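Undergrad: Below are the sequence and a predicted model for it; my questions follow.
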Amino acid sequence: MISFKFVKPNKKLFASKNQGVDVQQRIAQLSDTELLKAADAYFARFTTDSIQYKKPFSDPAQSPKLAMHLGIMLQAADLFRGARVLDFGCSTGWLTLGLAQMGCDAIGIDVTPSAIRLAERLKATRRVKSDGSMDFHCYDGYRLPLSDESIDRIVCFEAFHHLRDQAAILKEFARVLKQGGRVAFLEPGPEHSQTIESQTEMSQYKVIENNVSLPRIAEIAAQVGLRPPEVLVQFQQPQQLSFAEFEQWSTKGISVKRAHALLKTLVNQVTDTQCFYLQKGEAQMDSRQLKTLGGELQLLSLVKESVGGSPGLRFALTLRNTGTGKWLTELVQAGQVRLGVQLLNSDEAVVNLNYARFDLNATPVEISQECVINGVLRLPAKDGYILRFDLVAEHVAWFAQHGRSNPLTFTSQELKEQRLL
């Protein structure tokens, strides 16, 4: 049995903790006023042409790492359309914009007025091309300008380690999160303050480059009403293979020696950059999240009925929730589950993806619960069509498109010959 212990990252570290700037001394020495003034001066140097304004695709050398880190943090955040998301330490607002583009109602907050001015300029020049929104606010460094339990998700991308009081802001996160909400972090590790880059930043600027200790985070989380951290682990750098190695891996598997080396590399990198999230209470799973969707359709009856003088069908179906979250059924921005009908031609090519929609009951459909839906559908004027009945979570997905339902299909010929009537 192979086992490894966690080791501290040894790259780019000073030889002794007695050398250079001690981050705890820096925190004790600098006042809030000094820190704010330094941060404001830092962002005041930037313009819309600055690299910091164009993240995540701003620098060929840094963008691959930035994009990889951003991707894993977004996975930890477990976002969904219509979510109210706080981008804490939003800087120039580039991530806030991305959240809004995904259909979230994004709120960017930063302690620095000059950063918020840049973010507002970003909002004015880059229109949100979705049903999301974005707003920006300064905060005083102590209390977030948000109501209790008003936020679904919080993202903190490389901002938490700049705080002097991590416990205070975690308490604020717990206050503004809804039950079932979570805060996702992408932050450096427990030796961050000793890296050459951090020492240089603290020496040249009045800035805090604090360590992020997961045991300490877990301790604070318990005190403020958040669950222990859940950590997402990945290689900090992709593992490159030759084609010959790939062929061997795909046909014969990974050798024990190679697996041993990969595991050792992974463990050594675990505390270099940390992606984790904190949950408030039990997760609230519903049809706004693709991963929860699952449904079963069963035909009860199908009879001919005139619709405004045109041929039509009256149908009844039983729908069962086979997913892992409740179906939202009232009119909401995203995630409302409805019965949809798609119109296809005889080759099953889509003619009208939204031929008809039918609302479910007014109350949510819980996991394993069934409901019956009745409706009347006008038939197309021309023959040679296929009608496909399926479930759809609005602004999320058609169920069958992801293999999460059994759509019912009826051809015009079958209906004409009354084979299914």
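TA: Yes, it's here. On a predicted model such as this, the values are computed, not experimentally measured, just so you know.
Undergrad: how about the helices of the stretch 151-300 of the chain, start to end?
TA: For the stretch 151-300 of the chain, applying DSSP state H, counting those that start in this stretch gives helices covering 166-176, 196-204, 214-224, 243-252, 256-269.
Undergrad: So for the second one, what gets flagged as buried?
TA: Same thing as helix 196-204. By 16 or more other C-beta atoms under 10 Å, the buried positions in helix 196-204 come out as 198-199, 201-202. Placement of C-beta: from N, CA and C, glycine included.
Undergrad: from those, which two are the most distant?
TA: Farthest-apart pair in the buried residues of helix 196-204 is 199 and 201; separation 7.4 Å (C-beta to C-beta).
Undergrad: tell me, what's touching the two both at once?
TA: residue 209 (C-beta atoms under 8 Å, 6 or more residues apart in numbering).
Undergrad: so which of the helices of the stretch 151-300 of the chain comes closest to residue 344?
TA: Residue 344 sits nearest to helix 243-252 of all the helices of the stretch 151-300 of the chain, at 37.0 Å, using C-beta to C-beta.
Undergrad: quick check: angle from that closest one to helix 256-269?
TA: If you take axes from the mean of the first three to the mean of the last three C-alpha atoms, to 10 degrees, helix 243-252 sits at 110 degrees to helix 256-269.
Undergrad: now helix 243-252: mean pLDDT?
TA: Mean per-residue pLDDT for helix 243-252: 91.
Undergrad: Over to stretch 116-135?
TA: Average pLDDT, stretch 116-135: 90.
Undergrad: could I get it in PDB with only the CA atoms?
TA: Extracted as PDB, the C-alpha positions of stretch 116-135 are listed here (Å, rounded to 0.1, in the frame of the first residue of the first chain):
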ATOM      1  CA  ILE A 116     -15.000  49.800  -8.500                       C
ATOM      2  CA  ARG A 117     -14.700  52.800 -10.900                       C
ATOM      3  CA  LEU A 118     -12.900  50.500 -13.400                       C
ATOM      4  CA  ALA A 119     -15.500  47.900 -12.900                       C
ATOM      5  CA  GLU A 120     -18.300  50.400 -13.600                       C
ATOM      6  CA  ARG A 121     -16.500  51.300 -16.800                       C
ATOM      7  CA  LEU A 122     -16.400  47.700 -17.700                       C
ATOM      8  CA  LYS A 123     -20.100  47.400 -17.200                       C
ATOM      9  CA  ALA A 124     -20.700  50.400 -19.400                       C
ATOM     10  CA  THR A 125     -18.500  49.200 -22.300                       C
ATOM     11  CA  ARG A 126     -19.200  45.500 -22.300                       C
ATOM     12  CA  ARG A 127     -22.900  44.700 -22.400                       C
ATOM     13  CA  VAL A 128     -24.200  41.600 -20.700                       C
ATOM     14  CA  LYS A 129     -25.400  39.300 -23.500                       C
ATOM     15  CA  SER A 130     -27.700  37.100 -21.500                       C
ATOM     16  CA  ASP A 131     -30.500  37.200 -19.000                       C
ATOM     17  CA  GLY A 132     -28.000  37.900 -16.100                       C
ATOM     18  CA  SER A 133     -27.100  41.200 -14.600                       C
ATOM     19  CA  MET A 134     -24.200  42.800 -12.800                       C
ATOM     20  CA  ASP A 135     -23.800  45.600 -10.200                       C
END
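Undergrad: who touches it?
TA: With C-beta under 8 Å, 6+ apart, stretch 116-135 has contacts from 43, 46, 48, 53, 81, 90-94, 96-97, 99-108, 110, 136-138, 333-334, 395.
Undergrad: Just the buried ones among these, please.
TA: Neighbour-count burial (16+ other C-beta under 10 Å) applied to the contacts of stretch 116-135 gives 43, 46, 53, 81, 90-94, 96-97, 99-108, 110, 136, 334, 395.
Undergrad: Find the centremost residue of this structure, please.
TA: Centroid check for the chain by C-alpha atoms, centre = their mean gives residue 79 as the closest residue, at 3.2 Å.
Undergrad: could you list every residue that touches the closest residue to residue 30 other than its chain neighbours?
TA: Nearest in space to residue 30, with sequence neighbours left out and distances taken as C-beta to C-beta, 6 or more residues apart in numbering, is residue 206 at 5.8 Å. By C-beta under 8 Å, 6+ apart, the contact set of residue 206 is 30, 34-35, 37-38.
Undergrad: swap in residue 345?
TA: Contacts for residue 345 were tallied using C-beta under 8 Å, 6+ apart; they are 351, 384-386.
Undergrad: And those, which two are furthest apart?
TA: The farthest-apart pair in those, when distances are taken by C-beta to C-beta, is 351 and 384, at 10.2 Å.
Undergrad: Near residue 294, how many other residues are there?
TA: 20 (other C-beta atoms under 10 Å).
Undergrad: Looks like it contacts residue 405 (just checking).
TA: Yes: the criterion here is C-beta atoms under 8 Å, and residue 294 meets it with residue 405 at 7.2 Å.
Undergrad: picking up where we left off before, now, the buried ones among the contacts of stretch 116-135 that are in strands?
TA: Mapping those onto strands (DSSP state E) picks out 105-108, 110, 136.
Undergrad: List just the nearest of those residues to residue 154.
TA: Relative to residue 154, the closest of those is residue 107; by C-beta to C-beta it sits at 9.6 Å.
Undergrad: Pretty sure the closest one sits against residue 139.
TA: No: contact criterion C-beta under 8 Å: residue 107 and residue 139 do not qualify, at 10.6 Å.
Undergrad: Restricting to C-alpha, output the one helix or strand residue 71 maps to in CSV.
TA: Using DSSP states H and E, residue 71 sits within helix 63-77. The C-alpha trace of helix 63-77 is given here as CSV (Å, rounded to 0.1, in the frame of the first residue of the first chain):
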residue,chain,number,x,y,z
SER,A,63,-3.8,32.9,-19.0
PRO,A,64,-3.5,29.1,-19.2
LYS,A,65,-2.9,28.9,-15.4
LEU,A,66,-5.6,31.5,-14.7
ALA,A,67,-8.1,29.8,-16.9
MET,A,68,-7.4,26.4,-15.3
HIS,A,69,-7.8,27.8,-11.8
LEU,A,70,-11.0,29.7,-12.8
GLY,A,71,-12.5,26.5,-14.2
ILE,A,72,-12.0,24.5,-11.0
MET,A,73,-13.3,27.3,-8.8
LEU,A,74,-16.5,27.6,-11.0
GLN,A,75,-16.9,23.9,-10.5
ALA,A,76,-16.7,24.3,-6.8
ALA,A,77,-19.2,27.2,-6.9
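Undergrad: any idea how far the helix or strand following that helix is from the chain center?
TA: Proceeding N to C from helix 63-77, the next assigned helix or strand is strand 84-88, under DSSP H and E. From the chain centre to the centre of strand 84-88 is a distance of 11 Å (C-alpha atoms, centre = their mean, to the nearest Å).
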